[in-house]
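Enquirer: could you work out the structure for the sequence below:
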Amino acid sequence: MTARDTTTHGPGAPGGPLWYARAVIADLAMHDDETVATACEVVIEETDDLVERATTRDLLFRVKGGGS
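Expert: Numbers count the residues shown, from 1 in each chain. Prediction:
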């Protein structure tokens with residue numbers, strides 16, 4: 001397996017659930033809260049990046065109305 005294989009065929013590859021979830025989060029204004037929350041849940045579950053997971057949890061908390 002090469003570095004290219006892991007980049008193009010991993011869970012974050014274009015067309016995969018993590019890729020679509022990240023695309024939703026990158027364009028929050030175009031999506032309703034339910035879609036954003038679902039995208040957040042996918043990222044939290046699928047990413048190996050601890051910083052991405054933490055910032056996405058914060059976003060999910062805000063989208064679901066926590067802290068208000």
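
Enquirer: the helix or strand harbouring Phe61: how far from the chain's middle?
Expert: Assigned by DSSP states H and E, Phe61 falls within helix 50-63. Remark: helix 50-63 is offset 9 Å from the chain centroid, using CA atoms, centre = their mean, to the nearest Å.

Enquirer: do the same with stretch 30-47
Expert: That offset, for stretch 30-47, works out to 6 Å (CA atoms, centre = their mean).

Enquirer: let's see it as CSV, backbone CA atoms only.
Expert: Below are the C-alpha coordinates for stretch 30-47, written out as CSV (Å, rounded to 0.1, in the frame of the first residue of the first chain):
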residue,chain,number,x,y,z
MET,A,30,-26.0,26.2,3.1
HIS,A,31,-27.3,23.5,5.4
ASP,A,32,-30.0,23.2,8.0
ASP,A,33,-29.1,22.4,11.6
GLU,A,34,-30.2,18.8,11.4
THR,A,35,-27.9,18.2,8.5
VAL,A,36,-25.0,19.9,10.2
ALA,A,37,-25.6,17.9,13.4
THR,A,38,-25.6,14.7,11.4
ALA,A,39,-22.4,15.7,9.7
CYS,A,40,-20.8,16.5,13.0
GLU,A,41,-21.7,13.1,14.4
VAL,A,42,-20.1,11.4,11.3
VAL,A,43,-16.9,13.4,11.7
ILE,A,44,-16.7,12.7,15.5
GLU,A,45,-17.2,9.0,14.8
GLU,A,46,-14.9,8.7,11.8
THR,A,47,-11.9,11.0,12.2
